Every structure is written in structure tokens, then in C-alpha cells.
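Visitor: next input, structure requested:
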Amino acid sequence: MKAREAVLTRREAHQAPLTHWGELRADEPVEVVKHAQVVAAGRVEEVSLSGNVLWLSAEGTEPRRLFLKSDGVLVRRA
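Guide: Sure, this is the predicted structure:
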């Protein structure tokens, strides 16, 4: 039997950073995190086939933004 602490709740699993950005779908709400702080939030516009590049359409009047996995950012579902 697994230890209680080892089992993630649904909410914790949902907020865990994604290792494969290719799992994301267009219009899915996400947060981009760097150094334990949310640096951007919005909806997925597009993900590269390699899963290393993410276009995020921001909420409101902010323009869309490009994020590279190699820059050390994490993405989690919002």
C-alpha cells in the first residue's frame, strides 16, 4: 500500500509542471512559471511539434508571447 504522502491529489497533479509540452492543446489555460513565480498566464495558442516551443495568447490587451523550454520555464495547467 502506498504511503498517503506519496499519493497526489487531483488538484496537485493538475498543477504539477508538465514535462512534455506536446500534451497541451490549443485554447487550454496554462501558467508559465520561472523561479517559483508565475510570469505569464493565458491560453495555449500553439505548441511546436518537438514540444519545446509554446505560443501563449495572453488575457486582456497583452500580446501573445513565445516561451522556450530551454529558457528554464515550467508550464502547468491553470
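
Visitor: longest strand in this structure, please.
Guide: For the chain, the strand that runs over the most residues, judged by DSSP state E, is strand 37-47.

Visitor: which neighbours in the sheet does it have, and how are they oriented?
Guide: Strand 37-47 has the following strand partners under DSSP bridges: strand 29-34 (antiparallel), strand 53-58 (antiparallel).

Visitor: tell me the mean pLDDT for that strand?
Guide: Average pLDDT, strand 37-47: 94.

Visitor: now do that strand: everything it contacts.
Guide: 21-22, 24-33, 53-59, 62, 64-65, 67, 73, 78 (C-beta atoms under 8 Å, 6 or more residues apart in numbering). Glycine gets a C-beta too; all of them are placed from N, C-alpha and C.

Visitor: need the strands paired with strand 37-47 in a markdown table with distance to R43, can you?
Guide: Below are these laid out as a markdown table (distance: least, C-beta to C-beta, whole Å):
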| stretch | distance to R43 |
| --- | --- |
| strand 29-34 | 6 |
| strand 53-58 | 5 |
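
Visitor: who's the nearest residue to R25 once chain neighbours are set aside bridged to?
Guide: Nearest non-adjacent residue to R25, counting by C-beta to C-beta, 6 or more residues apart in numbering: V44, 6.6 Å away. For V44, the beta-bridge partners are L56 (DSSP bridges).

Visitor: V44: neighbour count?
Guide: Number of residues near V44 (other C-beta atoms under 10 Å) recorded here: 19.

Visitor: tell me the contacts of G72?
Guide: Counted by C-beta under 8 Å, 6+ apart, G72 has contacts K34.

Visitor: now it: phi and psi?
Guide: Per-residue torsions, G72: phi 80, psi 20 (degrees, to the nearest 10).
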